[in-house]
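[1] Structure, please.
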Amino acid sequence: MSDAITQLSIQRLLSGNVEYVIPMYQRNYAWEEGEITQLIQDVIDYLPKKGQNARNYYIGSLVVYERPDTKTPVFETIDGQQRLTTLSLLTSYLKNTQAVDLSWYSSLSIHFDSREHSRATFAAIFEGRFKDDPAEVLSEKQINTGILNGYRLIQKVLPQKLKENGVSPQQFADFLFSYVQIMRVKVPADTDLNHYFEIMNNRGEQLEKHEVLKARMMEQLQDCKQSQNCLHIVWEACANMERYVQMGF
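    This next block holds a predicted model:
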């Protein structure tokens, strides 16, 4: 298989010595109960029946751009971030329940560019610090509500689906981490990422027009990370039209 396309089990995806970065121009995590339930149910549906051998279930692709000049591989996530985030949340939940041995999941492989709320929320989830009231762990201003909502939905949906289908957490985890496969697709190093985003947007798969605009603006500032961070902060502050802009800072 070409080096540009790598087939990975979910365990290999999340336990390798690599980082998957959600760049600033990507939208926030937005999966709701329908999408999360469907992913969990799909995995359960492919579990081998009694007397059958397990076979791989392909969950889709993760399109990435490998950032140059990094000590360890750093992949900028272009497409598939909703699926990657959900798989990371699901794995964190299974680790926190201690129902299965996930000693291999010792560190987070998902990271966020200049999104401190997302980073802090995910770190608290990974460390098992969200048990009752989130406000006891982080202040309201520090919480990414989309990510926390996704985790809460997994807490609700996964036990329910396992019970309905007579599946143990161990059976689910064994299949999820060994037989669920994802294709990691690396775009060439000289790819015009903004043109790629625009194509995706025209196909209706990922970015809205304003997100393409933001990506183009970010490209013009690619030689100055400080200016990129400033643009991102101002952009996010102006994103909610139902409040005064200064409330976003």
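[2] neighbours of the nearest residue to residue 68 once chain neighbours are set aside, just the number please.
    Sequence neighbours aside, residue 189 is the residue nearest to residue 68 in space, at 7.0 Å (criterion: CB to CB, 6 or more residues apart in numbering). From N, CA and C alone the C-beta is placed, and that goes for glycine too. Residue 189: 9 surrounding residues under other CB atoms under 10 Å.
[3] Would you mind listing the buried residues in the longest strand belonging to the chain?
    Using DSSP state E, we find that the single longest strand of the chain is strand 57-66. Of all the residues in strand 57-66, those buried under the rule 16 or more other CB atoms under 10 Å are 59, 62, 63, 64, 65.
[4] Surely residue 167 touches residue 47?
    Yes: at 6.4 Å, residue 167 and residue 47 qualify as touching, with contact defined as CB atoms under 8 Å.
[5] ok, back up a step: pLDDT score assigned to the residue nearest to residue 68?
    Looking at residue 189, its pLDDT reads 78.
[6] ok so it is a strand residue?
    No: using DSSP: H, G, I helix; E, B strand; the rest coil, the assignment for residue 189 is coil, not a strand.
[7] My guess is it contacts residue 69. True?
    No: applying CB under 8 Å as the test, residue 189 and residue 69 come out as separate, 11.4 Å apart.
[8] outside of the helix or strand where residue 34 lies, which residues touch it?
    Following DSSP states H and E, one finds residue 34 within helix 33-45. In this structure, residues lying in contact with helix 33-45 by CB atoms under 8 Å, 6 or more residues apart in numbering are 57, 59, 82-83, 86, 90, 150, 153-154, 157-158, 161-162, 165, 167, 172, 175-176, 180.
[9] Next step: these restricted to helices.
    Judged by DSSP state H, these include 82-83, 86, 90, 150, 153-154, 157-158, 161-162, 165, 172, 175-176 as members of helices.
[10] Scan these and report the most crowded one.
    When the ones in helices among the contacts of helix 33-45 are compared by neighbour count (other CB under 10 Å), residue 150 ends up highest, at 27 neighbours.
[11] pLDDT score for the closest residue to that residue other than its chain neighbours?
    Nearest in space to residue 150, with sequence neighbours left out and distances taken as CB to CB, 6+ apart, is residue 89 at 5.2 Å. In this model, residue 89 is scored at 96, pLDDT.
[12] so residue 89 touches residue 121, yeah?
    No: if you go by CB under 8 Å, residue 89 and residue 121 don't touch, sitting 10.3 Å apart.
[13] any shared contact partners between these two?
    Between them, residue 89 and residue 121 share these contacting residues under CB under 8 Å, 6+ apart: residue 147.
[14] hey, where'd the helices end up in the chain?
    Here the chain has its helices, by DSSP H, at 10-15, 33-45, 81-97, 116-126, 145-165, 169-178, 193-202, 209-220, 225-239.
[15] Check which helices and strands the longest one sits against.
    Read it as helix 145-165. helix 33-45, helix 81-97, helix 116-126, helix 169-178 (3 or more CB pairs under 8 Å, 6 or more residues apart in numbering; DSSP states H and E).
[16] who's sitting farthest from the centroid in the protein?
    What lies farthest from the middle of the chain is residue 51; by CA atoms, centre = their mean that is 34.5 Å.
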